[in-house]
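*Asks:* this one's sequence-less:
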Ligand code: SF4
Ligand code: SF4
């Protein structure tokens, strides 16, 4: 099978490795570009969320490269993500493509369906083998998450502009080439060492910003205009509310999700509203309690749960006295506009901090 | 002797009425938006039988819309903005506002996530409000969801007599059934509500729906699909329903199709939606498309930025295309002008007429 899948941040090299280990030919999607998005937006409904459009564009590019199977997955309500698969399939079939579609529901919601899909994908390999390669993939993912966190910490403190991003790219390349267990272990060491070699000034006290919001636009740098990097270069330390290893730990295997932020959200949003709506509310509180200087909420335009969360933001921001910037993203959003808004927000946080330092002194 | 007893009697009556007067009747406000169009009789009868007075917000107007827009995030869809306006319209006039958290009405699907978060969105909108009755309406899980809901509402307004509660619940369910039967007959929700609460007789609306079967064979018929709170709020939908009637077409909405018939399609669709209204809209579309020649065209009303509709609209569009039925998607928002809608409807209806003549000639 020639298998393709949607591009999502650091998950891409992991998917590639799993598929190759199962003996498939992986049609690894390139990082999405404006063309990818335009292609997807052309065939997608106008108000579909931007992840839908980017992934549709990616599928189209991969199908042209000869992919004959698409793999995807999604949650089971109440938000749209679970229906992506079916609508993608319909739209692509309507455009005349022939392919097989493997869609994973959360295993605890539809165990039988999950089993059947997994069986299709694993072919003649044994379950033990599958388990082993998944464990291996997970260990690689954990390293990638570590590297991202290191980059987020070093970037605002780097001595030479751009050296962190360069080091990070090299480290990622190194990891991409590591395919077996021992290789991953040694490449992981090397990559970490590489990151540590980036010269940085540990005495600096950068502003700290927490990122919350919908998973795809958080994890896929293209979808958020490389926000982490931009902020880092403005001298801001970034922390996301979602990392893939924490996501797999909490979301995919259990239907309850991240209890911490949900519990925090309860007094404000007493109901699960799909996506990461409730998490977003709780995460604002968590960041505020941990002394962050501000929060940025990232959401696709027309994203339902994040609109609900945004309705509560003014109140949360007041109750916990933390500034929150909400950015809704669609295909018309311009990079320049985002940059101006980020700069203004960073200024605001900076002023607030100096004021509070003055008062404190 | 008889005089003293008369005096006593009078005093008793005065005290009694006085106490009654002091124990002022509780007033509960119901916003005329969203689930109102589907569940109003159920809410109202239950509250009234518990002894509460029910106040409904005024019909949507410019002021309500603007108040709503002011206090909601601009990314919300127009029905949600309007809902906020209705709540503010009630604030200050009532003791409670009835905003049940609509989770599931059929035990399978949920409502749109904006319904799920609605009480919280309203509560934190930054306007002083009376107590909200935000009880969960959820018929998922073990049976008795409806009973749980009723008991919780009664507790919230402090009505604890179990016999009254059960009696009120039975009356409410009875009225709700009657309401659904009237909708099936082709009455619009507001008309059906008038009939149910005795302002009008159902034969006032005779000559609608089924009675006209014979003549409707020749008339152009359009399926007007969309959420009831958009279609029947003529302010939101720029009066699409009435405009179509004035253009001389027969209008079918999903309320006129028996739920049993629609449910058939839940088995046929490869993947049902997660949402209550969206499923009904889509099933209705499939049902009407299946019954060849029952409709000449489909109009889908969708709110700007509506999440679920991005999926529903595309599905309907593709299905209509495969069945060879003309399809028009009308997006509405707070800037929708009457004129623009009228022109698009006229063009669409003209096209349907033309197709009909050609078909008949062919
Ligand atoms: S959470 Fe937002 S982006 Fe994700 S499926 Fe739902 S609406 Fe779309
Ligand atoms: S279904 Fe659409 S129109 Fe209705 S509340 Fe949800 S987003 Fe708004």
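*Replies:* Alright, I've got the coordinates. Computed from a predicted model, the values in this text were never measured in an experiment. Ligands and ions are numbered 1, 2, ... in the order given.
*Asks:* Give me the residues contacting the helix or strand hosting residue A:313.
*Replies:* Remark: residue A:313 resides in helix A:304-319, with elements defined by DSSP states H and E. The contact list for helix A:304-319 (CB atoms under 8 Å, 6 or more residues apart in numbering or on different chains) reads A:79-80, A:213-214, A:268-269, A:273-278, A:280-281, A:284-285, A:297, A:299-300, A:322-324, A:326, A:328, B:72-73, B:75-76, B:112-114, B:116-117, B:120-121, B:124-126, B:307-308. Where you see a C-beta, it was placed from the backbone N, CA and C, and this is true even at glycine.
*Asks:* Touching, residue A:28 and residue A:16? I think so.
*Replies:* Yes. At 4.7 Å, residue A:28 and residue A:16 qualify as touching, with contact defined as CB atoms under 8 Å.
*Asks:* What's the local residue count around the closest residue to residue A:23 other than its chain neighbours?
*Replies:* Using CB to CB, 6 or more residues apart in numbering or on different chains and skipping the chain neighbours, the partner closest in space to residue A:23 is residue A:123 (6.5 Å). Burial measure for residue A:123: 11 neighbouring residues, criterion other CB atoms under 10 Å in any protein chain shown.
*Asks:* swap in residue B:151?
*Replies:* Other residues near residue B:151 come to 17 when the count uses other CB under 10 Å.
*Asks:* so how far is ligand 1 from the residue nearest to residue A:149 when sequence neighbours are not counted?
*Replies:* The shortest distance from residue A:149 to any residue other than its chain neighbours is 7.4 Å, reached at residue A:243 (CB to CB, 6+ apart). Counting by CB to the nearest ligand atom, to the nearest Å, the gap between residue A:243 and ligand 1 amounts to 18 Å.
*Asks:* shouldn't residue A:243 be in contact with residue A:148?
*Replies:* Yes. Proximity of residue A:243 to residue A:148 meets the contact threshold set by CB under 8 Å, at 7.1 Å.
*Asks:* tell me the contacts of residue B:183?
*Replies:* Listed by CB under 8 Å, 6+ apart, the contact set of residue B:183 reads B:189, B:192, B:255, B:256.
*Asks:* and stretch A:64-84, anywhere near ligand 1?
*Replies:* Yes. Contact between stretch A:64-84 and ligand 1, assessed by CB under 6 Å from any ligand atom, occurs at A:79, A:80, A:81.
*Asks:* Need the phi and psi values for residue A:294.
*Replies:* Backbone geometry at residue A:294, expressed as degrees, to the nearest 10, gives phi -170, psi 170.
*Asks:* list the contacts for it?
*Replies:* The neighbourhood of residue A:294, defined by CB under 8 Å, 6+ apart, consists of A:207, A:209, A:210, A:322, A:323, A:324, A:325, A:345, A:348, A:349.
*Asks:* Give me the pLDDT value at it.
*Replies:* Note for residue A:294: predicted pLDDT of 95.
*Asks:* Kindly report the same for residue B:236.
*Replies:* pLDDT for residue B:236: 91.
*Asks:* How about it: what's its closest non-neighbour residue?
*Replies:* residue B:230 (5.4 Å).
*Asks:* Show the average pLDDT along whichever strand or helix holds that neighbour.
*Replies:* Following DSSP H and E, the helix or strand that holds residue B:230 is helix B:228-231. Model confidence over helix B:228-231, given as mean pLDDT, is 94.
*Asks:* Check which helices and strands it sits against.
*Replies:* Helix B:228-231 is packed against helix B:36-49, helix B:78-90, strand B:297-303, with contacts defined by 3 or more CB pairs under 8 Å, 6 or more residues apart in numbering or on different chains; DSSP states H and E.
*Asks:* what kind of secondary structure is residue B:29 in?
*Replies:* strand (DSSP: H, G, I helix; E, B strand; the rest coil).
*Asks:* how close does the one residue in the stretch 201-350 of chain A that gets nearest to ligand 2 sit to residue B:78?
*Replies:* With CB to the nearest ligand atom as the measure, the residue in the stretch 201-350 of chain A that lies nearest ligand 2 is residue A:304; the distance is 6.1 Å. Distance check for residue A:304 against residue B:78: by CB to CB, to the nearest Å, it reads 14 Å.
*Asks:* Enumerate the residues of chain B near ligand 1.
*Replies:* Residues of chain B found near ligand 1 (CB under 6 Å from any ligand atom) are residue B:307.
*Asks:* so how many other residues sit close to residue A:122?
*Replies:* With neighbours defined by other CB under 10 Å, the count for residue A:122 comes to 16.
*Asks:* cool, residue A:50 as well?
*Replies:* With neighbours defined by other CB under 10 Å, the count for residue A:50 comes to 27.
*Asks:* ok, now which ones touch the residue lying closest to it once chain neighbours are set aside?
*Replies:* In space, residue A:50 comes closest to residue A:300 once its chain neighbours are excluded; the distance is 4.1 Å by CB to CB, 6+ apart. By CB under 8 Å, 6+ apart, the residues touching residue A:300 are A:49, A:50, A:51, A:214, A:216, A:217, A:223, A:306, A:328, A:329, A:330.
*Asks:* Could you tell me which ones among those residues also sit near ligand 1?
*Replies:* Restricting the contacts of residue A:300 to those near ligand 1 by CB under 6 Å from any ligand atom leaves A:49, A:51, A:214, A:306.
*Asks:* and the gap between the second one and residue A:306?
*Replies:* When you say that, I think you mean residue A:51. Taking CB to CB as the criterion, residue A:51 is separated from residue A:306 by 12 Å.
*Asks:* so where do the strands sit in the stretch 251-361 of chain A?
*Replies:* Secondary structure of the stretch 251-361 of chain A, counting by DSSP state E, counting those that start in this stretch: strands at A:294-300, A:324-329.
*Asks:* ok, now the stretch 1-150 of chain A?
*Replies:* For the stretch 1-150 of chain A, the strands defined by DSSP E, counting those that start in this stretch occupy A:2-5, A:25-27, A:69-73, A:100-104.
*Asks:* Same check on chain B?
*Replies:* With DSSP state E as the criterion, chain B has strands at B:27-30, B:53-56, B:96-98, B:101-104, B:131-133, B:136-138, B:221-225, B:250-252, B:297-303, B:327-332.
*Asks:* Show me what the fifth one is packed up against.
*Replies:* Just to be clear, that refers to strand B:131-133. Counting by 3+ CB pairs under 8 Å, 6+ apart, the packing neighbours recorded for strand B:131-133 are strand B:96-98, helix B:118-123, helix B:145-156.
*Asks:* quick one: low-confidence parts of the chain?
*Replies:* All of this refers to chain A. Under the criterion of pLDDT under 70, the regions of chain A flagged as low confidence span A:77, A:247-259, A:360-361.
*Asks:* wait, chain B
*Replies:* Short version for chain B, where the test is pLDDT under 70: B:1-23, B:142-143, B:202-218, B:362.
*Asks:* Show me how the record splits it into domains.
*Replies:* Following automatic domain parsing, chain B resolves into domains at B:3-184, B:211-361.
*Asks:* What about the residue nearest to residue B:228 when sequence neighbours are not counted, how many residues nearby?
*Replies:* Nearest-residue entry for residue B:228: residue B:37, 3.9 Å, with adjacent residues in sequence omitted and distances by CB to CB, 6+ apart. Counted by other CB under 10 Å, the residues lying close to residue B:37 total 22.
*Asks:* pretty sure residue B:37 contacts residue B:229?
*Replies:* Yes. Counting by CB under 8 Å, residue B:37 touches residue B:229, with 5.3 Å between them.
*Asks:* show me what contacts the residue in the stretch 151-300 of chain B that ligand 1 sits nearest to?
*Replies:* Using CB to the nearest ligand atom, the closest approach of the stretch 151-300 of chain B to ligand 1 is made by residue B:274 at 10.3 Å. Contacts here follow CB under 8 Å, 6+ apart; on that basis residue B:274 touches A:76, A:77, A:78, A:79, A:82, A:83, B:109, B:110.
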